[in-house]
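Enquirer: Pasting the sequence and the predicted coordinates here, then a few questions.
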Amino acid sequence: MKTLRTLLMGLVLWGAGGAETGQDRATVPLFVAGTAISGPVEALGEVPVTIERADLAFGPLYLCAGANAGDLCETARFEWLDSVVVDTTEPEPVLIGHLTGVTGTVRSWMYDLGISSQLTRLEPFVLNAASELGGTSFVLEGVADVDGIEIPFVASVPVQQTDDTELGVPVVRKSTSEVFQRDVSDEESGLLVRFDPTTWVQGIDFRSLITNEVCAQDSPVTVCDGVVERTCEAGSEVSSRDCDELGQVCLRGQGCAQQLIIESDSQAHRSLRNALLSGVRPSFSWDQVP
């Protein structure tokens, strides 16, 4: 299969050299924006979450002539091959570059999140935006409130091709149920891609991290009883400490901690990755650019 870059170059040359096609070379200003967050977001179990940081590595982006993006996108009309870190809590549009290609109808889109698969190498390529975020696609920081117990948290989520996806194809694609169509001219004022981070945290289960346990015969060495960490031995408590007095939180399976670091094998991490890949999509607007 040809690469999108090769296909696009062919289309550009074809559009420039074949008057009968009615296609012209064009550039379209590309803007990105986030969404203003007025207050806490509700996660699983009616847990309010305050988002303090939600930085996303975005790009490259491709617009396709066909209705189905992915490996069937053999008539890609426009592309933006760069990447940028988007503060998805900032609602003001920012110009990040220009889509380049040929005029005509686009019906689907696809993009990567700062980590791009290449046909010429087995390992995905980390672009500049992901490098700025420590080699990851998304960094989320905030505080969850479970019945008055505050859990500061941080997550770093890479989103990239896996063994069961095709090399060279961006990971996030328009679904068949989404409506996206534009007859792109050479006089477009721009395309705005707007992200909403509030939807990404809604599936995280913070409530399961706070427990009210005491030492029992089958208890692990460390249990949490609200904000109290209890150390157990042979079913009996041998010591305890108040995490709250230390300015910390007592986390299930961990004990007193300054913050929850969302690990790659956790429910929270899987939920975030799934939300970025196939959850609520960003909006694509042609008529709402500055």
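Expert: That came through fine. Numbers count the residues shown, from 1 in each chain.
Enquirer: For I261, which non-adjacent residue is closest in space?
Expert: Distance criterion CB to CB, 6 or more residues apart in numbering; nearest residue to I261, sequence neighbours excluded, is V154 at 5.9 Å. All C-beta atoms are positioned from the backbone trio N, CA, C, and that covers glycine.
Enquirer: repeat for D196
Expert: T35 is the one closest to D196 (CB to CB, 6+ apart), at 4.3 Å.
Enquirer: quick one: the one you found and P197 touch, right?
Expert: Yes. Contact criterion CB atoms under 8 Å: T35 and P197 qualify, at 6.9 Å.
Enquirer: What pairs with the helix or strand harbouring the residue nearest to I261, parallel or antiparallel?
Expert: Using DSSP states H and E, V154 sits within strand 149-157. Partner strands and pairing direction for strand 149-157 (DSSP bridges) are strand 138-146 (antiparallel), strand 260-262 (parallel).
Enquirer: Buried ones in the first one, by neighbour count?
Expert: Of the residues in strand 138-146, those with enough neighbours to count as buried (16 or more other CB atoms under 10 Å) are 138-144, 146.
Enquirer: contact partners of that strand?
Expert: Residues outside strand 138-146 that contact it (CB atoms under 8 Å, 6 or more residues apart in numbering): 40, 43, 47-57, 113, 133, 150-157, 159, 197, 200-201, 204, 206-207, 209-210, 262, 272, 276.
Enquirer: One more: stretch 46-54?
Expert: By CB under 8 Å, 6+ apart, the list of residues contacting stretch 46-54 reads 34, 37, 39-43, 87-89, 138-146, 197-198, 200-201, 204, 206-207.
Enquirer: Need the three-state assignment for R270.
Expert: helix (DSSP: H, G, I helix; E, B strand; the rest coil).
Enquirer: My error: substitute R273 in the last question.
Expert: Under three-state DSSP, R273 comes out as helix.
Enquirer: In TSV: the buried residues of strand 138-146, plus pLDDT.
Expert: Shown next, in TSV, are those (pLDDT from 0 to 100):
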residue	pLDDT
F138	98
V139	98
L140	98
E141	98
G142	98
V143	98
A144	98
V146	98
